[in-house]
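Asker: Predicted model follows, preceded by the sequence.
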Amino acid sequence: SLFALPQSVPVQLQVFSLAGRQVAQVQRGQQGAGPQQLHWDGRDQRGETLSPGLYLLGIGIEAEAKSALQLRPINIAY
């Protein structure tokens, strides 16, 4: 699993270049508690395939009037 949630909360997943530019918004909305998986076709916001390399996955969670963003490295390879 990519990450686990202790309870059902709204989640927003974004992909950033190492320069900090958002290149894709992968999934958002209410997610159930427990381990989470991510299915993504490797395309940016314009529908173009991203170049192979290292990116940052931003996992944004909103719970109890608080929000948090955790960044994790991801590698794209074809």
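Answerer: Arrived safely, thanks for sending.
Asker: Enumerate every residue touching residue 70.
Answerer: 3, 58-59, 61 (CB atoms under 8 Å, 6 or more residues apart in numbering). To be clear about C-beta, it is placed using only N, CA and C from the backbone, and glycine gets the same treatment.
Asker: do residue 68 as well
Answerer: With CB under 8 Å, 6+ apart, residue 68 has these contacts: 60-61.
Asker: what is it paired to in the beta sheet?
Answerer: residue 61 (DSSP bridges).
Asker: Distance of it relative to residue 54?
Answerer: In this view, residue 68 and residue 54 are 23 Å apart by CB to CB, to the nearest Å.
Asker: got the residue ranges for the helices in the chain?
Answerer: Ranges of helices within the chain: none, based on DSSP state H.
Asker: show me where pLDDT drops low in it?
Answerer: Applying pLDDT under 70 to the chain flags no residue at all.
Asker: which ones are touching the closest residue to residue 51 other than its chain neighbours?
Answerer: Leaving out its chain neighbours, the residue that sits closest to residue 51 by CB to CB, 6 or more residues apart in numbering is residue 76, at 7.5 Å. Residues in contact with residue 76 (CB under 8 Å, 6+ apart) are 42, 50-55.
Asker: please redo it, this time with the cut-off set to 10 Å
Answerer: 15, 40, 42, 49-55 (CB atoms under 10 Å, 6 or more residues apart in numbering).
Asker: Give the buried residues for stretch 48-67.
Answerer: For stretch 48-67, burial by neighbour count (16 or more other CB atoms under 10 Å) applies to 50, 55-59, 61.
Asker: what about that stretch, how long is it end to end?
Answerer: 30 Å (CA to CA, to the nearest Å).
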